[in-house]
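[1] what's the 3D shape of this:
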Amino acid sequence: MLKALIIIGIFVAVFIYAYRSNIERAQQLEAFATARGWSYSRLDKVGMKKRLETMYPDEKFSFENVMTVENGTGELLLFDCGVSKRTRNNPYFTMGGLIETPKIAANTPAIGIFPRSEIDKLLDFEGVEVGSQEFSKVFHVSTKNKQMAEHLLNSKIQSVLLNHEAHVEWKPVRLAIGNGRIVVFVGINRGDEAWPIIIELLKDLEKSI
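    Below is the predicted model:
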């Protein structure tokens, strides 16, 4: 009986800690957004779930915090979210950003872009060879349409990503281009200094299309 009570007490303590952390994070981001003239929403009030699940049909998303940096054409949003495979229920959490662009047709299938890692080398995972030799050494591409990927990943896009990879301390966990938008995920706990870098990267990518 005592053991059961201890276990229950631990679960309650973890739940309270997580709840307080989420509230503190929300308050921090709301203040951060307000100070910059951006709008802020707790949870998903701008249709982020539908937008990302269009690009990632095999995954599901839950949004904690969303900041709208720019509205209208070229809408730019920043977010915290949980991501998991549809067949699993063990989400990981990430910060990220999204920019809408009329330069990409809404029905364009999304391509995924991932920085290469030591794990890729161990698994001999090459992905699809797209772009210059230099680009292919740093990134691998996931797509069912290599011709579309080659069209979207022009030399300017490759240059932006290689420059970011070379000069920014932290790297994107993954990116996607398609369905009328560009999405960047950067992992969690990057700090507020990551938000301006995400904005700059998204805008540089959008300009290069």
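
[2] D204 - how many residues pack around it?
    Residues near D204, counting by other C-beta atoms under 10 Å, number 16. Backbone N, C-alpha and C define where each C-beta goes, glycine included.

[3] Assess the claim that I197 and K171 are in contact.
    No - assessed by C-beta atoms under 8 Å, I197 is found out of contact with K171, at 10.8 Å.

[4] Compute the first-to-last residue distance for stretch 170-182.
    For stretch 170-182, the separation between the terminal residues is 19 Å (C-alpha to C-alpha, to the nearest Å).

[5] Give the bridge partners for the residue nearest the centre of the chain, please.
    Nearest residue to the geometric centre of the chain (C-alpha atoms, centre = their mean): F185, 2.2 Å. Beta-bridge pairing for F185 (DSSP bridges): G96, R174.

[6] In contact with it: list those residues for me.
    83, 94-96, 172-175 (C-beta atoms under 8 Å, 6 or more residues apart in numbering).

[7] So which residues of the chain form helices?
    In the chain, helices defined by DSSP state H lie at 2-35, 48-55, 118-123, 133-138, 146-152, 155-167, 194-208, listed in chain order.

[8] which stretches of this protein aren't confidently modelled?
    The model of the chain has pLDDT under 70 over residues 1-22, 118-127, 189.

[9] what's the single longest strand in it?
    Identified as the longest strand of the chain according to DSSP state E is strand 59-70.

[10] and for it, what are the contacting residues?
    By C-beta under 8 Å, 6+ apart, strand 59-70 touches 22, 25-26, 29-30, 32-33, 36, 38-46, 48-49, 52-53, 75-86, 91, 93, 195, 199.

[11] Ok, stretch 187-202 next?
    By C-beta under 8 Å, 6+ apart, stretch 187-202 touches 28, 32, 67, 69, 76, 78, 80, 92-99, 160, 164, 168, 170, 172-173, 182, 184, 186.
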